[in-house]
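Chemist: Predicted coordinates and the sequence they were generated for:
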Amino acid sequence: MYTTLQFLHSYWAYLVLLIVTLATLNALIGFFSKKEYGPKDFRISLFALIVTHLQLLLGLILFFVSPLGLQSITNNGMGAVMKDSVMRLNAIEHPLVMILMVVFITIGYSKHKKKLVSTPKFKMLAIFYTIALLLMLSRIPWNQWF
């Protein structure tokens, strides 16, 4: 079960990175070019919300069954985990920052739905999705990806 979850979480992350980048660029382009918000823009932002929430679900399950997550903290103690940069990234930083990333995506999506005009819709998406993308890029375990 662990290897399957790890495989899904690792490869789904490529899709999450691609879609969140696309949604962020779409929102930034829409905001700065003052274009009209349409169904395509809604679908892109909704798809970013969906893929990030699915990734969060996979990640949370993986956190509890992986030797790199909760078991690492339990076996080594929080002090040892915090002193080791690799263990800290896997057990603390990556999960926490990715949860924050999903929170920003969710807030941005929710706030944009309440706006009635295109420019404020794109502005909400651009602000929150950009923050989420930067957070995600900051804590991807790049050494495990390549």
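Modeler: Yep, it's here. Numbers count the residues shown, from 1 in each chain.

Chemist: which helix is the longest one in this protein?
Modeler: Using DSSP state H, we find that the single longest helix of the chain is helix 2-32.

Chemist: okay, and for the protein, where does confidence drop off?
Modeler: Residue ranges of the chain with pLDDT under 70: 145-146.

Chemist: In this structure, mark out all the helices, start to finish.
Modeler: In the chain, helices defined by DSSP H lie at 2-32, 39-65, 70-76, 78-83, 85-88, 94-114, 118-138, 142-145, listed in chain order.

Chemist: Mean neighbour count for those helices - can I get that in a markdown table?
Modeler: Backbone N, C-alpha and C define where each C-beta goes, glycine included. Conversion of the helices of the chain to a markdown table gives the following (neighbours: other CB atoms under 10 Å):
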| stretch | mean neighbour count |
| --- | --- |
| helix 2-32 | 17 |
| helix 39-65 | 17 |
| helix 70-76 | 15 |
| helix 78-83 | 13 |
| helix 85-88 | 14 |
| helix 94-114 | 18 |
| helix 118-138 | 20 |
| helix 142-145 | 10 |
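
Chemist: ok, back up a step: please name every helix or strand in contact with the longest helix of the chain.
Modeler: Here helix 2-32 touches helix 39-65, helix 118-138, helix 142-145, going by 3 or more CB pairs under 8 Å, 6 or more residues apart in numbering; DSSP states H and E.
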